[in-house]
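*Asks:* Below: sequence and its predicted model.
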Amino acid sequence: MRPLTVSSIGACAALAFTSLVLFPTAGESPRTSLLAGSVTDAVPGSTQSLPLVPLAAESSDRAPGAAAIGLPARDVHPFSLVGVVWRDPSAELHGTVQVRARGRDDGDWSAWQDLAVHSDDAPDAGSPERGSTDRGSTAPLWVGDSDGVQVRVTPEPSTDKAPTALPAGLRVELVDPGADPEAQERATRYEGEPAAASDTASAVNTGLISEDGTEIEPLSKEATEIESAQFNPELSPAMRPFIGPRPGIVTRRGWGADESIREKAFKYTDTVKAAFVHHSATGNDYRCSEAPAVLRSIYRYHVKSLGWADFGYNFAVDKCGRIYEGRAGGVTRAVLGAHTYGFNNNSMGIAVLGTYTSTAPSAEAVEAVAKLTAWKLGLYGANPKATVTLVSGGGKFAVGSKVSMHVIAGHRDGFATDCPGAKLYGQLTTARTDSAKLQGR
C-alpha cells in the first residue's frame, strides 16, 4: 500500500458478472434508482461504480479551503467495502481520499476515514494483467454493512499553490461481498464426498484438501518432510529437508471465492525465493468471522474494479492467525501473483488483513506468517533468515537491476511504500527467527 501523504486506514461481480454502473434518472431519488430492480439479494456479491464529480464551493462535503471532487452523501445499495479507482494505472493520485459510510443497522454515519493512496500492489510492467482493463486505485477499506456513502478527494497544493491535477476517470467502487456462494452447496453436495475435482481451483490442490474442500489440513513436521521430498528430488534419503510443518490453510472454496469471475488459466513462476509481507490496509474493524467476507470483497475489487486476473496476494492471514489460500493455482506451486510491483516473479505475497501503521499486529498473525513461510519457503529450499538477490521488474529499482533483500521481506523493501505498516514491519525479525526455527535451522 502506498500512503504518500495520507494515513493507511484501510472485487466484484454483478448481474452477468459485470461491474454495475448505476446512475439516477431524471426525477428519481438515489434510493429509488439504485435499489429498484438493479441488484437483488440472489446475486452472490456485486459492485456499484459511481463517478466522482466537482463539489460546490459551499458544500459540506468539501474539505475546508480546498478544491475537491467527490460524491455527496447518498443512498446506495448495501455494500461493505469501498475504494476509489481511476483510468490510468501508471498515474499517481497526489492528495487525500476520504470516505464516510452509513451503517445499515443503526443508520449512523461514520467519521471521515482516509483511504491509502497507492499504485504498487499490482502486476509487473509487461504482465498480461497490465492491459486495457487495468486501473489505478486506492487501497480498499472495509466499512461493514452500509447503505450510504460520501466521498471527497482533495489534491495536494502544487509549488505555485494551485491544486495538483487529479487522475482522470475517478470513480468510487462499492463492493458487496454477498453471502458465501458455496455454503449451501457444501452442505448438500459434498456431505461425505471428496471435493478435490469439483473445480479447477480445488483440483490443483488434490491430495491436500479436506473432504468438504474447505481446508488444507495441517501436517506434522515428519509427515511434511516426507511430502516435501517430491519438491526436492535431488536430496538423498539421508538428507533432512529444512521445512516447517504444513499449517492448516482455508481454501478458496472455504472462504467462498466465486471462481467464475477470475481468469481461468493459472500462471506460474520458476520458484519461490522470497516472501513479501503486506498489510491489506483495509482497516482493523472486522471480526475474524468476517474475514471470508473481507477476502471476497478484496477479490472482487482486484478482479472487477482493477481488472486483474485474480486475487492479488498468494495468501492472506487474519488477526486470529488463520491462513487463507489466495490466488488460485495450487498452494504448493510457484503461482505468479500481483502483490509487489517489480518483484512478483519468483516470490509470494502474504497479506495480513488489517492496517498496521500505528496498530500492532496480533501475536497470532505474526505466528501465522512464520508458520506459512517456514512451510512454503521450505518447499523451495529457502532459508527464512537469509538474504536473496532478486531481479527488479521496475518501480523502486530500475528494470533488470539486481537487488539484495531479506528472504522474508516487507513490501516497503521492494517498493517506495509504508506497507506493511511500521508496526507489522517491526515484527518481521521475529517472524524470520521463528520461521527458521520451525524449519529446524
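*Replies:* Here it is on my side, so go on. Not measured: the values here are computed from a predicted model.
*Asks:* Show the end-to-end separation of stretch 277-293, please.
*Replies:* Using Cα to Cα, to the nearest Å, one end of stretch 277-293 lies 21 Å from the other.
*Asks:* Let me know the average pLDDT across it.
*Replies:* For stretch 277-293, mean pLDDT rounds to 96.
*Asks:* same question, stretch 156-171
*Replies:* pLDDT averaged over stretch 156-171 gives 80.
*Asks:* what's the spacing between the nearest residue to residue 218 once chain neighbours are set aside and residue 383?
*Replies:* Spatial nearest neighbour of residue 218, chain neighbours left out: residue 248 (4.3 Å); criterion: Cβ to Cβ, 6 or more residues apart in numbering. (C-beta placed from N, C-alpha, C; glycine too.) Using Cβ to Cβ, to the nearest Å, residue 248 is found at 24 Å from residue 383.
*Asks:* tell me the centre residue of the protein?
*Replies:* By Cα atoms, centre = their mean, the chain has its centre lying nearest to residue 298, at 5.1 Å.
*Asks:* Next, it: secondary structure please.
*Replies:* Secondary structure assignment for residue 298 (DSSP: H, G, I helix; E, B strand; the rest coil): helix.
*Asks:* I'd say it and residue 282 touch.
*Replies:* Yes. Counting by Cβ atoms under 8 Å, residue 298 touches residue 282, with 6.9 Å between them.
*Asks:* and for these two, which residues touch both?
*Replies:* Taking Cβ atoms under 8 Å, 6 or more residues apart in numbering as the criterion, residue 298 and residue 282 both touch 81, 140.
*Asks:* what's near enough to touch the residue nearest to the centre of the chain?
*Replies:* 11, 81, 140, 280, 282, 311-312, 351.
*Asks:* The residues you listed in strands, which ones?
*Replies:* 81, 351 (DSSP state E).
*Asks:* Only the buried subset of the contacts of residue 298, as a PyMOL command please.
*Replies:* Buried residues within those, by 16 or more other Cβ atoms under 10 Å, are selected in PyMOL with:
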select buried, resi 11+81+140+280+282+311+312+351
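*Asks:* Tabulate the contacts of residue 298 in JSON lines, adding columns for distance to residue 331.
*Replies:* What follows is the contacts of residue 298, written out as JSON lines (distance: Cβ to Cβ, whole Å):
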{"residue": "11", "distance to residue 331": "21"}
{"residue": "81", "distance to residue 331": "25"}
{"residue": "140", "distance to residue 331": "24"}
{"residue": "280", "distance to residue 331": "19"}
{"residue": "282", "distance to residue 331": "23"}
{"residue": "311", "distance to residue 331": "13"}
{"residue": "312", "distance to residue 331": "16"}
{"residue": "351", "distance to residue 331": "15"}
